[in-house]
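[1] Sequence plus predicted model, see below.
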Amino acid sequence: MKKITRKTKRNIILGGIIILIVLAAALLVHGMGKLMDRSVDTTAGLEYIRGEESGDVAEIETKIRQLEQQETGGEDERSIKEKFAVSVILGDSIPHGFAEFDVLNVSNVKAQIGAHLTQMDEQIEEAKSVSPLVVFISIGENDVTATNGDTELFIEQYTEVLDQISKELPEANIFVNSIFPVQQKAIDKEPKLADIPAYNEALSGLCESREIGFIDNTELVQDQYYEPDGQHFVADFYPLWAEHMAEVAAL
């Protein structure tokens, strides 16, 4: 039997090390592939990122989106639910439709049917449980009638809500949706709803003064998207609205 020289032994060892490195690299690539697969549940990863006090979560997620868009030729292939994964929507029956029609996950929609600005405590408390990076608010139609045309009172109440959100969710970016216009049939039933444009003007001014994003939805709706009551919207409208919010908020 031929004796193995020291040089041969060294070559064998080096060869084994190289094989191990190649295998490790293959496993790493395989693991990264799974991470990049959008079908993988990223909830745990997002929770970990949120827990990192030393990191800028918004910046990290922006970079992740940029990398994903580079891989897909610049097109965003994420679903609406994926885009709103770290967001929450507060408000009344109008945004509640996101959950009702399964456009967004229930966990991302805290809006309550019939809500007024003076009844937002529960929603804000529920929002804290999901630690959102972005908070969307869509409320006001009920308050137009409740404040009886008093836009100053409306702005006072809205300011209190914004202050509370800023206090309870200091790391979240806030975006305020304009109050949606209603059809004439709804105004005939409740004349005060004709004041919605004036309320939106006041609301836009509030957002500007606080440097908060204002999402103007006035031109977004068309007659075919209204429910028979002339106030609420059919299911087909919600994906359009969601994409509009995502675009303004750069989700």
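    Structure received. Numbers count the residues shown, from 1 in each chain.
[2] thinking I80 is in contact with W241, fair?
    No - I80 is beyond contact range of W241, at 10.0 Å (criterion: CB atoms under 8 Å). No exception for glycine: its C-beta is placed from N, CA and C like everyone else's.
[3] Tell me which of the two has more neighbours.
    With neighbours defined as other CB atoms under 10 Å, I80 and W241 compare such that W241 has more, 23 against 17.
[4] Setting the sequence-adjacent residues aside, check what's closest to Q183.
    Using CB to CB, 6 or more residues apart in numbering and skipping the chain neighbours, the partner closest in space to Q183 is G230 (3.3 Å).
[5] How many residues are close by that neighbour?
    G230 has 17 neighbours, counted by other CB under 10 Å.
[6] what's the distance between stretch 230-249 and the middle of its chain?
    Chain-centre distance of stretch 230-249: 13 Å, with CA atoms, centre = their mean, to the nearest Å.
[7] got a list of contacts for it?
    80, 83-84, 87, 93-94, 97-98, 101, 103-104, 134, 136, 141, 173, 175, 177, 180, 182-186, 193, 213, 215, 217, 220-221, 224-227, 251 (CB atoms under 8 Å, 6 or more residues apart in numbering).
[8] If any of those residues are buried, put those into a PyMOL selection.
    Command for PyMOL that selects the buried part of these, burial taken from 16 or more other CB atoms under 10 Å:
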select buried, resi 80+83+84+87+93+94+97+98+103+104+134+136+141+173+175+177+180+182+183+186+193+213+215+217+220+221+225+226+251
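[9] Where helices are concerned, which of the contacts of stretch 230-249 count?
    Taking DSSP state H as the definition of helices, those contribute 80, 83, 93-94, 97-98, 141, 184-186.
[10] okay, the residues you listed in TSV with distance to E247 next?
    TSV is the format used below for those (distance: CB to CB, whole Å):
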residue	distance to E247
I80	12
K83	10
S93	24
I94	19
G97	19
F98	16
E141	23
Q184	29
K185	30
A186	28
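[11] of all those residues, which comes closest to I155?
    E141 (15.5 Å; CB to CB).
[12] Now do the contacts for that closest one.
    92, 94, 179-180, 182, 193, 196, 231.
[13] Count the residues that sit near D195.
    19.
[14] and the closest residue to it other than its chain neighbours, what element?
    The shortest distance from D195 to any non-neighbouring residue, by CB to CB, 6+ apart, is to G149 (5.4 Å). Per DSSP states H and E: G149 is located in neither a helix nor a strand.
[15] By average pLDDT, which secondary structure element in the protein comes out worst?
    helix 43-51 (a mean of 46; mean pLDDT, DSSP states H and E).
[16] picking that back up, can you give me phi and psi for the residue nearest to Q183?
    G230 adopts backbone torsions of phi 70, psi 10, taken as degrees, to the nearest 10.
[17] And the pLDDT for the residue nearest to A186 when sequence neighbours are not counted?
    In space, and not counting its chain neighbours, A186 is closest to G230: 3.8 Å by CB to CB, 6+ apart. With respect to pLDDT, G230 scores 96.
[18] With the one 3 residues further on instead?
    Looking at F233, its pLDDT is 97.
[19] Distance check, it against F101.
    9 Å (CB to CB, to the nearest Å).
[20] Does F136 touch I89 like I think?
    Yes - judged on CB under 8 Å, F136 makes contact with I89 at a distance of 4.6 Å.
[21] okay, and the common contacts of these two?
    Common neighbours of F136 and I89, counting by CB under 8 Å, 6+ apart, are P95.
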